[in-house]
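Q: Sequence and predicted model, in that order:
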Amino acid sequence: MKVHIKIKYQIMKKVYLISLVLISNLMWSQHILPERERATIIDNILEDRFNNLLRGLMDDAGIDMWILITREYNEDPVVKTMLPATWLNARRRTILVFHRNKEKNTIEKLAVARYNFGKNIISAWDKETQPDQWQRLIEIIKERNPNQIGLNFSEDFNIADGLAKTDYDAFMGYLPKNFHSKVTSAEKLAVAWIETRTPQEMVIYNQLVSITHQIIAEAFSEAVITPGITTTTEVEWWMRDKVLELGLETWFHPTVDVQRSNDDLGNHLYAFSNRPDNMVIVPGDLLHCDFGITYLRLNTDCQQLAYVLKPEETHAPEFLIKALAEGNKLQDFLTDNFKNGKSGNAILADALKEAKAAGLRPSIYTHPLGFYGHSAGPTIGMWDAQEGVPGAGDYPLLPNTVYAIELNTTVTIPEWKRDIRIMLEEAGFFGDEGFRYVNGRQTKLLTVPRMKMHLGN
């Protein structure tokens, strides 16, 4: 018996050492660009979006002049996505004018500012010739005589509501009365600019999600976690430090929480704000994380699960493996309802109905993802609004958009005499050919220690 235990220990030790080597090499499978090269990529993407994407978005929105007015340190969220790579903020008061001439099939990109707005938008204001910035803007409007003037104000989408009241009041005060009836909300155009992904961006997105998965895989491994010693808070800060080490950023603080056999199921807030800090991770724990990075001005948002093996275990218990499969079923019910033009509320209602009919206990709170982590586009439920979200939930699903497929299903675990939540989140792309995950999803539980490398697939 002792010989058998010794052999088993030696085998597990060997597997453990091999896995440490694999994990330590894991992060270097993706090349992360230095800042100068990132700037080149960002400016190239912006040039492509301005020259090849914007005119179609303006036509779809029925707006032939889009005016964005913003000030330094109080930037319109849309303008922030347009900043040249070497600009971290707008300068003084910055006014951008995009004029679409469908007859000539042209689009003018002008900056009513003291500087060129990078290489893509030239300055159209000479202060020595016209000292008043607002008057110069009015001259541009009169010269082009647009049919519809779009401004960024919106009741339903915060990202499309970036025009400050003082700037709105000043603009309307300068604008001749005969143009007032042409002023309209640019909500549809602003949301479209924010939510639409280009082919070049989607190639990059694949790498972003891969890096995110790899950081989670390392965090939920014996390279970071020593059961009985390491706490959930230590893993959270390890993730923050890892992101900094790689020269990246997070757009929110990571969270790590635990579900175990002797605890009651908390409410939906437990994993996000009510969880206790510094919980010591022990064998038998089901770990959950919520984590996302920012790279090349795009964002990820991912939730995955891991199981901490007990000394006698070589894989996660079957009841947890089956529970994860329930979460994957809910993902399928949701994404099977992704149809072009279908509203977020309709997708939510149909997915919940089908999942409940299949015996699941679902909660869906999926959101657009892209330039912002909680981005603009159709809201597909909130954890505290499972009946739908007026306004943002009525917005339609459109092609070339990315979503954080975020949800959970409650599963009864007789072995633990309690319910648990299988909480999952993965980046998904909706295009002309339907839905796909950007870079796979988790279908197998990670384990600590890692007896096998279970990355999301």
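A: Noted; the coordinates are in hand.
Q: For beta bridges, what are the partners of the nearest residue to residue 63 once chain neighbours are set aside?
A: By the measure of C-beta to C-beta, 6 or more residues apart in numbering, the closest residue to residue 63 outside its immediate chain neighbours is residue 150, 3.9 Å from it. Where you see a C-beta, it was placed from the backbone N, CA and C, and this is true even at glycine. With DSSP bridges applied, residue 150 shows beta-bridge pairing to residue 66, residue 184.
Q: burial of residue 150, as a residue count?
A: 25 (other C-beta atoms under 10 Å).
Q: Now do the same contact list for it.
A: 61, 63, 65-67, 184-186, 189-190 (C-beta atoms under 8 Å, 6 or more residues apart in numbering).
Q: Neighbour-wise, which one of those leads?
A: Tallying neighbours with other C-beta under 10 Å puts residue 190 at the head of these, with 31 neighbours.
Q: one step back: export the contacts of residue 150 to a markdown table and tack on distance to residue 279 and pLDDT?
A: Shown next, in a markdown table, are those (distance: C-beta to C-beta, whole Å; pLDDT from 0 to 100):
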| residue | distance to residue 279 | pLDDT |
| --- | --- | --- |
| 61 | 49 | 97 |
| 63 | 52 | 97 |
| 65 | 55 | 98 |
| 66 | 50 | 98 |
| 67 | 51 | 98 |
| 184 | 52 | 98 |
| 185 | 47 | 97 |
| 186 | 47 | 97 |
| 189 | 46 | 98 |
| 190 | 42 | 98 |
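Q: just to revisit the earlier point, where's the residue nearest to residue 63 relative to residue 228, distance?
A: 59 Å (C-beta to C-beta, to the nearest Å).
Q: now the helices: where do they sit in the stretch 201-350 of the chain?
A: 232-245, 318-335, 344-357 (DSSP state H, counting those that start in this stretch).
Q: In terms of secondary structure, what does the last one contact?
A: Helices and strands in packing contact with helix 344-357 are listed as helix 318-335, strand 362-364; criterion 3 or more C-beta pairs under 8 Å, 6 or more residues apart in numbering; DSSP states H and E.
Q: Could you check how far residue 250 is from residue 144?
A: 43 Å.
Q: Assign residue 376 to helix, strand or coil.
A: coil (DSSP: H, G, I helix; E, B strand; the rest coil).
Q: Kindly report the same for residue 173.
A: Residue 173, by the three-state scheme (three-state DSSP), is helix.
Q: just to revisit the earlier point, pick out whichever of residue 250 and residue 144 has more residues nearby.
A: Looking at residue 250 and residue 144 with other C-beta under 10 Å, you find the greater number of neighbours at residue 250, namely 19 against 16.
Q: Now the helices of the stretch 201-350 of the chain in a markdown table, please, with extra columns for mean pLDDT.
A: Shown next, in a markdown table, are the helices of the stretch 201-350 of the chain (pLDDT from 0 to 100):
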| stretch | mean pLDDT |
| --- | --- |
| helix 232-245 | 97 |
| helix 318-335 | 98 |
| helix 344-357 | 98 |
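Q: I'd like the ones you listed written out as JSON lines, with mean neighbour count and distance to residue 448 added.
A: As requested, these are exported to JSON lines (neighbours: other C-beta atoms under 10 Å; distance: least, C-beta to C-beta, whole Å):
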{"stretch": "helix 232-245", "mean neighbour count": "17", "distance to residue 448": "10"}
{"stretch": "helix 318-335", "mean neighbour count": "19", "distance to residue 448": "13"}
{"stretch": "helix 344-357", "mean neighbour count": "20", "distance to residue 448": "30"}
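Q: Save these as a markdown table, and put in distance to residue 109 too.
A: Shown next, in a markdown table, are the helices of the stretch 201-350 of the chain (distance: least, C-beta to C-beta, whole Å):
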| stretch | distance to residue 109 |
| --- | --- |
| helix 232-245 | 34 |
| helix 318-335 | 37 |
| helix 344-357 | 32 |
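Q: so which of these gets nearest residue 127?
A: helix 232-245 (41.4 Å; C-beta to C-beta).
Q: Could you report the neighbour count for residue 340?
A: Applying other C-beta under 10 Å, we find 12 residues neighbouring residue 340.
Q: OK, contacts around it?
A: 396-399.
Q: Residue 208 too?
A: By C-beta under 8 Å, 6+ apart, the neighbours of residue 208 are 293, 295-296, 298-300, 427.
Q: Also residue 312?
A: Neighbours of residue 312 in contact, by C-beta under 8 Å, 6+ apart: none.
Q: Take the contacts of residue 208 and write them to JSON lines, including neighbour count.
A: Below are the contacts of residue 208 laid out as JSON lines (neighbours: other C-beta atoms under 10 Å):
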{"residue": "293", "neighbour count": "24"}
{"residue": "295", "neighbour count": "22"}
{"residue": "296", "neighbour count": "19"}
{"residue": "298", "neighbour count": "24"}
{"residue": "299", "neighbour count": "26"}
{"residue": "300", "neighbour count": "28"}
{"residue": "427", "neighbour count": "27"}
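Q: Now tabulate these in a markdown table and tack on distance to residue 125 and pLDDT.
A: Below are the contacts of residue 208 laid out as a markdown table (distance: C-beta to C-beta, whole Å; pLDDT from 0 to 100):
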| residue | distance to residue 125 | pLDDT |
| --- | --- | --- |
| 293 | 38 | 97 |
| 295 | 34 | 96 |
| 296 | 31 | 95 |
| 298 | 32 | 97 |
| 299 | 33 | 97 |
| 300 | 39 | 98 |
| 427 | 40 | 98 |
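Q: Now for those residues: which two are most distant?
A: For these, the maximum inter-member distance is 14.3 Å, found between 296 and 427 (C-beta to C-beta).
Q: residues touching residue 187, list them.
A: Per C-beta under 8 Å, 6+ apart, neighbours of residue 187: 152-154, 156-157, 160.
Q: can you rerun that using 10 Å?
A: Residue 187 makes contacts with 61, 150-157, 159-161, 376, 395, as judged by C-beta atoms under 10 Å, 6 or more residues apart in numbering.
Q: May I ask which of those residues has the most neighbours?
A: Comparing the contacts of residue 187 on neighbour count, residue 376 comes out first with 29 neighbours (neighbours: other C-beta under 10 Å).
Q: Surely it and residue 192 touch.
A: Yes. Under the criterion of C-beta atoms under 10 Å, residue 376 makes contact with residue 192 at 8.7 Å.
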